[in-house]
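J.: What follows is a protein structure lacking sequence information:
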């Protein structure tokens, strides 16, 4: 037999001298290359379509999730507003049965109540929504950064003593507490990337995680005020500071003002009597509206909606009680309106502060649970809300422009008064 190298050389020479065989082989190679190229060309559109389909699916999912989040707030808000307006119409229905003079007095008193009292509560609450939303986001970000940091510690320092890690956490939380008062002087909450004690993990800490995955709960964390609650009590203080004198003015009497504006003496006296009874209702309305704006900012809009439903259910019986049974006449309608406005803030406060479910929801929805808070406090928040002059100034900077926004409301009610 011939050696292997000789055989290979002869076959190579044969392939060179046989053009038919070489052309056949080249034809086969060309056909395979063309086929593979065509296959790849056909595959490219399908891969592009797959990417487009994936992008569309992701966009649709994000849109669906965002829509659900928005409806979770808007639906209870719309229902609550409707349930709050319907009792006013029902009150006018009762007053209309008592005569045209009573109806005119009740309508005029309601207009004055909206213009001189309730509009201030609505306008001053604009700043509360802004500050509460930012404070909630600030606490949620701090919680995410804490969990990210502790996760890194657990991965890299498995052999470190547990007390050392806890001491570091307490020190960082003390720094956070010291910076709360400093942030009060800013018109808006400062950026966490520059002022947070966890700023070295800025971008990585912004990843969203479940609030229940908090790894440590230290006693020192309970001493840190919950900033959204601070803004709630500060808003209540500032709004009541405006509306309490207005209610006292109503109680003193507005008959001289009505006479100066050209109203009749009998109508002025009846309007004054009706508005005097509505004075406690103004204060209750201001508290209720402040709670409503605050709860909507922390995704708890269902609470004021349920309170409005309960108040509306009892409003009709109260009208029958004060007007038909006790015989207070058109003033009984004002009493029923005050009872309607009084029930709602009481129900909201009882649910939020006196029930375990309400306290747990506040801890979760304010972001306090994310930084390790397990108990709801009130005294520290009230003290910080009232003692910080820079914080009060910060609130007024955002709240006072809200009064300008409601001038449209004043205009519409003014046309009713002139009519």
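T.: Cool, the structure landed. Given the structure is predicted, the values throughout are model-derived calculations rather than measurements.
J.: what's near enough to touch the closest residue to residue 108 other than its chain neighbours?
T.: Sequence neighbours aside, residue 271 is the residue nearest to residue 108 in space, at 4.7 Å (criterion: CB to CB, 6 or more residues apart in numbering). (C-beta placed from N, C-alpha, C; glycine too.) Contact partners of residue 271, counting by CB atoms under 8 Å, 6 or more residues apart in numbering, are 105, 108-109, 112, 254-255, 258, 263.
J.: Check the residues you listed against residue 135 and report the nearest one.
T.: residue 112 (35.4 Å; CB to CB).
J.: element containing the residue nearest to residue 108, please.
T.: Assigned by DSSP states H and E, residue 271 belongs to helix 265-297.
J.: continuing past that helix, what's the next helix or strand?
T.: By DSSP H and E, the next helix or strand past helix 265-297 is helix 302-319.
J.: tell me the angle of that next one relative to helix 265-297?
T.: For helix 302-319 against helix 265-297, the angle by axes from the mean of the first three to the mean of the last three CA atoms, to 10 degrees is 150 degrees.
J.: Quick check: buried residues in helix 302-319?
T.: When burial is assessed from 16 or more other CB atoms under 10 Å, helix 302-319 yields the following buried residues: 302-308, 311-312, 315-316, 318-319.
J.: In TSV, list those residues along with distance to residue 93 and pLDDT.
T.: What follows is those, written out as TSV (distance: CB to CB, whole Å; pLDDT from 0 to 100):
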residue	distance to residue 93	pLDDT
302	28	91
303	28	93
304	24	92
305	23	92
306	24	93
307	23	93
308	18	92
311	17	90
312	14	90
315	11	91
316	10	88
318	14	93
319	9	91
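J.: Pick the one among the residues you listed closest to residue 343.
T.: residue 311 (4.6 Å).
J.: Tell me if I'm right that that closest one and residue 87 touch.
T.: Yes: contact criterion CB atoms under 8 Å: residue 311 and residue 87 qualify, at 7.2 Å.
J.: Please enumerate the shared neighbours of the two.
T.: Residues touching both residue 311 and residue 87 (CB under 8 Å, 6+ apart) are residue 340.
J.: hmm, back to that, please narrow the contacts of residue 271 to those residing in strands.
T.: When these are checked against strands using DSSP state E, none is located there.
J.: Out of these, who's the most crowded?
T.: residue 105 (27 neighbours; other CB atoms under 10 Å).
J.: which SS class is residue 327?
T.: Look at residue 327: counting by DSSP: H, G, I helix; E, B strand; the rest coil, its state is coil.
J.: isn't residue 381 right up against residue 225?
T.: Yes: Residue 381 lies in contact with residue 225 (CB under 8 Å); the separation is 5.1 Å.
J.: just to revisit the earlier point, nearest to residue 360 among the buried residues of helix 302-319?
T.: The closest of the buried residues of helix 302-319, once distances to residue 360 are taken by CB to CB, is residue 303, at 13.1 Å.
J.: Now the closest one. Nearest residue, chain neighbours left out?
T.: residue 295 (5.2 Å).
J.: Over to residue 146?
T.: Nearest to residue 146 is residue 371, by CB to CB, 6+ apart, at 6.3 Å.
J.: Check residue 140 too.
T.: residue 367 (4.2 Å).
J.: likewise residue 283?
T.: residue 247 (5.7 Å).
J.: In three-state terms, label that neighbour for me.
T.: What three-state DSSP gives for residue 247 is helix.
J.: can you count the residues close to it?
T.: 22.
J.: got it, and residue 116?
T.: Counted with other CB under 10 Å, residue 116 comes out at 20.
J.: any idea of the pLDDT on it?
T.: Looking at residue 116, its pLDDT stands at 86.
J.: what's the closest non-adjacent residue to it?
T.: Nearest to residue 116 is residue 246, by CB to CB, 6+ apart, at 5.9 Å.
J.: May I see the buried residues of stretch 338-349?
T.: Using 16+ other CB under 10 Å, the residues of stretch 338-349 that count as buried are 338-345, 347-348.
J.: Out of the residues you listed, which is nearest to residue 124?
T.: So of these, ranked by how close each gets to residue 124 (CB to CB), first place is residue 345, at 16.1 Å.
J.: which residues does that closest one contact?
T.: Applying CB under 8 Å, 6+ apart, the residues contacting residue 345 are 284, 287-288, 291, 307.
J.: Please name the spatially closest residue to residue 133 (chain neighbours excluded).
T.: Setting aside the residues directly before and after it, residue 133 is nearest to residue 297 in space (CB to CB, 6+ apart), at 4.9 Å.
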